[in-house]
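**Student:** Here's my sequence, what's the structure:
(2 chains, ligands or ions: 2)
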Amino acid sequence: MSAATAAPGRIVVDYDDDIVRKFFLATVIWGVVGMLVGVIIALQLAWWPANLGLPWTTFGRLRPLHTNAVIFAFAGNICFTGIYHSMQRLLKTRMWSDTLSKIHFWGWQLIIVSAAITYPLGITQSREYAELIWPIDVAVTLIWVVFAINFFGTLAIRKVKHIYVAIWFYMSFVITIAVLHIVNNLAMPATFLRSYPIYSGMTDALVQWWYGHNAVGFFLTTPFLGLMYYYLPKAADRPIYSYRLSIIHFWGLIFLYIWAGPHHLLYSGLPDWAQTLGMVFSIMLLAPSWGGMLNGLLTLKGAWHKLRTDPILKFMVVGVTFYGMSTFEGPMMSIRSVNGLAHFTNWVVGHVHSGALGWNGMLTFAVLYWLLPRLWNREVAYPKMVTQHFWLATIGIVIYTVAMWAAGLMEGLQWRAVNDAGQLANPIFIDIVHRLEPFYWLRLLGGTLYFLGAVMMLINVFKTIRGPERVAAAAPATAPAS
Amino acid sequence: MAENGMDHGSEKKYGQFHRRVFESNAALFAVAATVAILIGGIVEIIPMFTPAGTEHSEAITPYTPLEVAGRDIYVSEGCYLCHSQWVRPMRAEILRYGPWSRAWEYQYDRPFQLGSRRIGPDLHRVGNKYPDAWHYEHMRDPRSTTPGSVMPPYPWLLDDRIDPEDVRASVIALRKTGTPYTDEDVAGVEESLAEQGAAIVARLATAGIETTPDRSIVALIAYLQRLGVEGRAELEAQGVEY
Ligand code: HEM
Ligand code: HEM
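**Tutor:** Ligands and ions are numbered 1, 2, ... in the order given. Prediction:
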C-alpha cells in the first residue's frame, strides 16, 4: 500500500494545466491586492486620516473590498486552482470542457473586477459577504452553473471508478454555494444598481447569516479540506491516516454546518428556539472539525522529520493547526454567555483572522509552493525565501490575533462594566475606543508582516516562471503524477 | 487509487459499504450531499415565514420616502460595518443605549442592518438623541462634535442631492416586496420628500446652517432621527419594563 509502488498501468492523460496556471496566478495577484486593502483598513482604524477624505476610500467602502477580495478572489481562486489540478489527476481525465473552464476563469475574474469597481463607488447591498448588487449576483449564478456543469461533466467521464475523499469535499462546495447564493440573494430590483431583499428584518438577518456562516463552512472550510486531503499526502508522501474518519467527519461536517448560522444572532430578536439550535449545533461542530484536523495531522505520522527541512509541510502543519484552533474557539464563542462578551468586539476579528490567515492563507501558500515548480517545470527561483515567508507569516498571525484577542476582551469587559451605584463604569464610548489604539497599531504590524510575506511569494513566483525550464532528464521518472 | 498517497488505507466493513454505494456513483453522492445540506436550513428558515415566526406590530410605520433615501445612503456608505443597530437584552446595553431591540421593530428593514461590529456605538436608539444640527456637523467633521472620534468625515453628503425619481423607484420596489405603501404614497413621493426635507432644513436654519431639502445629508438625518423612536414609544405605551 505504500505510495511509491503504485505506478503500474499508469494511464497517460493530456491534462489541461493551462487553466491551472491561470487560476494559480490569479490567486497570487488577488491575494496581494486583498491583503494590501486589509493593511489599509487596518491603518484607518489606528489613524483615521488614512480615510483620505475621499468618498471612495472610506473604511465603510473599502472593508467589503477587503473581505470579498480575500474570500472570493484569493481563497476562491486557490480552490479552483486545486480543484482543476487535482480533480483531473484523481479522475485520470482532462476536464470535460476546456471552453467551460475558460469561461469560468474569465467570468470569475470579471466578477471580482466588478466588485472592486462597485464597492468604492458605494454600490453595494450591505449584507455582509453578499454585498454584490443584483446584476453581478446574476453573473455569479451563471458562472457557477458553468463551473458545476464542467465539474459534474468531468466526474461523468472519469476513468477511475472510485471517487477520492478530496472530491467529496469539492462536491459539497459546488452544491452548497449554489444553494446559499441563490436563496440569500433573492431580491426585488429598484434600479439597475439597487434592489431590496424579499426578506425583511429578522428573517433577512437569519437568511443572511445562514448564508454567511456557511460561506465560512463551504467556501473557507470544505474546499480547503479537499485541498488538504490531496496535497498534504502528496507533500508528506504518506497515505491519509484514516479513511473511516474521513467518511464520518465529512458527513458530520456538511450536515451540522448548515444549522449553525444563528450563532451570529445570539441575544437578538430571533426566536429563542432558533438561537438555541444555532448554539447547540455549533458546539457539536467541534467534533467533525477536529476529525478533519486530526486526519490531516496524523497523516504526518512517521514524516515529522521532514518538517524540519520542508517549508511546504511547515505551512501545512501550521495551517491545519490553526484550523483546529479556530474551530475550537468558534464553538466556544457560540455559547450564549461567551458570545455575549465576544460579540461586536475585536475578539471576533481575531477569531476570523486566526482562521483566515492561519488556515486558509497558510494552506494556500503551501499548495501554491507545491504547484509552482510542477506547473511550470522550473526550479523555485529563491528556495530560501519560501522559509522566510513562512516565518514572516507565522509571526504576523501571532501578533495580529493576540492583539485582537486582547483588544476584544478589554472592550467587551469595559462596555459591560457597571459600578456599585448601578451605573456604567465607562459611560463615554469614545474613551474605550481610544484605549484600543495601541492594539490597532500592533495589528497593523502583524498584518504588514503577513502582507510582506505574500509579496515575497509574488516575487518568487514571477522570478521562477521567467527562469529556465528544467531539463527533461531531471524530472524523476517515479515522481507522482503531478 | 493509483495516485501516490491517494490511498484510503485499510477498509473496514462499513467503509466498504460507503465505497460501493457512494464513492462509485457521483450522482447518488451528489443527491445525498444535497439532502444533508438542505435539512438544517429548511428547519430553521421555513418557520420564519409562518405567523409564529416573526413578530409584527402596528406601532411601526413604513419608512417615508425621505427616510428610504436616507437609509439607502446608510447602506451605500457601509455604516453598518462600524455601527450596530441591535441593543441586546443586557443591563449595560440598556443603560448605554435604551430598551433592547425587539424583532418587530425591524419589520420594514430591507436589507436588515443589525451589523456585527461596534467600532462606533450602537445606533438603534439614536433617533431624537441629538438635534438635527448635531448630525449635520458630525457628518461634516466627526471631531467637531466628538473630540477624538475615529470616524471618517463625510463632507460630500452635504453637497450631493437625491433624485426624486430614484426614490420613487425604491418605494415601488419596496412596495412589491410587501411594504404597505399605497398608490397615493407612490404618487406623492415628491411632495413628501419636499415637505419632510423642508422641516429638517428649517430646524437646521435655527442653528445657523443653510442647506436645501434635496441634499443627501437631509435624507440621512431623517433616517437617523427615526431610528428606534416608534419602538421606544410603543414599549413605553405598553408599560414594558426594560
Ligand atoms: C494582510 C493581511 C490582513 C490584514 C491586515 C487584514 C485586516 C483586516 C481588518 C482591519 C479588518 C476589519 C476589522 C474590523 O471590522 O474591525 C478585516 C476584516 C476581515 N478580514 Fe482581514 N486582513 C488581512 C487578511 C485577511 C485574509 C487573508 C482573509 C481571508 C482569507 C481576511 C478575511 C477577513 C474577514 C472575513 C473580515 C471581516 C471580519 C468580521 O466581519 O468580523 N483577512 N481584515
Ligand atoms: C466549528 C467551527 C466554527 C464555529 C462554531 C464558529 C463560530 C463563530 C462565532 C460564534 C462567531 C462570532 C459571531 C458573532 O458574535 O458575531 C464567528 C465569527 C466568524 N467566524 Fe467562525 N466559527 C468556526 C470556524 C471558523 C473558521 C474555520 C473560519 C475561517 C476562516 C471562521 C470565520 C468566521 C468569520 C469570517 C466570522 C465573522 C463573521 C462576521 O462578519 O461577523 N470561523 N464564528
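
**Student:** ok, how many other residues are close to residue 106?
**Tutor:** Just so you know, I chose chain A. Around A:W106 sit 12 other residues, with neighbours defined as other C-beta atoms under 10 Å in any protein chain shown. Any C-beta I mention is one placed from the backbone N, CA and C, and that applies to glycine too.

**Student:** let's do chain B instead
**Tutor:** One way to gauge burial is a neighbour count; for B:Y106, by other C-beta under 10 Å, it gives 27.

**Student:** Ok, the one 4 residues further on next?
**Tutor:** Other residues lying near B:R110 total 28 when counted by other C-beta under 10 Å.

**Student:** remind me which residues of chain B are low pLDDT?
**Tutor:** Across chain B, the stretches falling below the confidence threshold (pLDDT under 70) are B:1-14, B:241-242.

**Student:** can you list the residues of it near ligand 1?
**Tutor:** Taking C-beta under 6 Å from any ligand atom as the measure of proximity, chain B contacts ligand 1 at B:116-117, B:119.

**Student:** Contacting chain A as well, which ones from the residues you listed?
**Tutor:** Of the entries in the residues of chain B next to ligand 1, the ones placed beside chain A under the rule of C-beta under 8 Å from any C-beta of the partner chain are B:116-117, B:119.

**Student:** can you pull the contacts of A:Q109?
**Tutor:** A:Q109 is in contact with A:A26, counting by C-beta atoms under 8 Å, 6 or more residues apart in numbering or on different chains.

**Student:** oh, I was asking about A:T464
**Tutor:** A:T464 neighbours (C-beta under 8 Å, 6+ apart): A:372-373, A:376, A:378-381.

**Student:** Give me the phi and psi for whichever residue of the stretch 51-200 of chain A sits closest to ligand 2.
**Tutor:** Taking C-beta to the nearest ligand atom as the measure, the stretch 51-200 of chain A has A:E128 as its residue closest to ligand 2, at 5.1 Å. When quoted as degrees, to the nearest 10, the phi and psi of A:E128 stand at phi -60, psi 130.

**Student:** Return the distance of the closest residue to it other than its chain neighbours relative to ligand 2.
**Tutor:** Leaving aside its chain neighbours, A:E128 sits nearest to A:G212 (5.8 Å; criterion: C-beta to C-beta, 6 or more residues apart in numbering or on different chains). Counting by C-beta to the nearest ligand atom, to the nearest Å, the separation of A:G212 from ligand 2 is 6 Å.

**Student:** Now for A:G212: which residues touch it?
**Tutor:** Each residue near A:G212 by C-beta under 8 Å, 6+ apart is listed here: A:128-130, A:261, A:264.

**Student:** out of the residues you listed, who has the most neighbours?
**Tutor:** By neighbour count, taken as other C-beta under 10 Å, the most surrounded of the contacts of A:G212 turns out to be A:G261 (30 neighbours).

**Student:** got a winner among the residues of chain B next to ligand 1 for most neighbours?
**Tutor:** Among the residues of chain B next to ligand 1, where neighbours are counted by other C-beta under 10 Å, the top count belongs to B:I119, at 21 neighbours.

**Student:** A:W48 is in contact with that one, correct?
**Tutor:** No. Counting by C-beta atoms under 8 Å, B:I119 sits too far from A:W48 to count as a contact (10.9 Å).

**Student:** need the contact list for the residue in chain B that ligand 2 sits nearest to.
**Tutor:** Of chain B, the residue with the smallest distance to ligand 2, taken as C-beta to the nearest ligand atom, is B:S116 at 3.3 Å. For B:S116, the contacting residues are A:128, A:264, A:343-344, A:348, B:84, by C-beta under 8 Å, 6+ apart.

**Student:** ok, the nearest residue to A:R94 once chain neighbours are set aside to ligand 2 distance?
**Tutor:** Among residues not flanking A:R94 along the chain, A:D16 sits closest, at 5.3 Å (C-beta to C-beta, 6+ apart). Going from A:D16 to ligand 2 by C-beta to the nearest ligand atom gives 30 Å.
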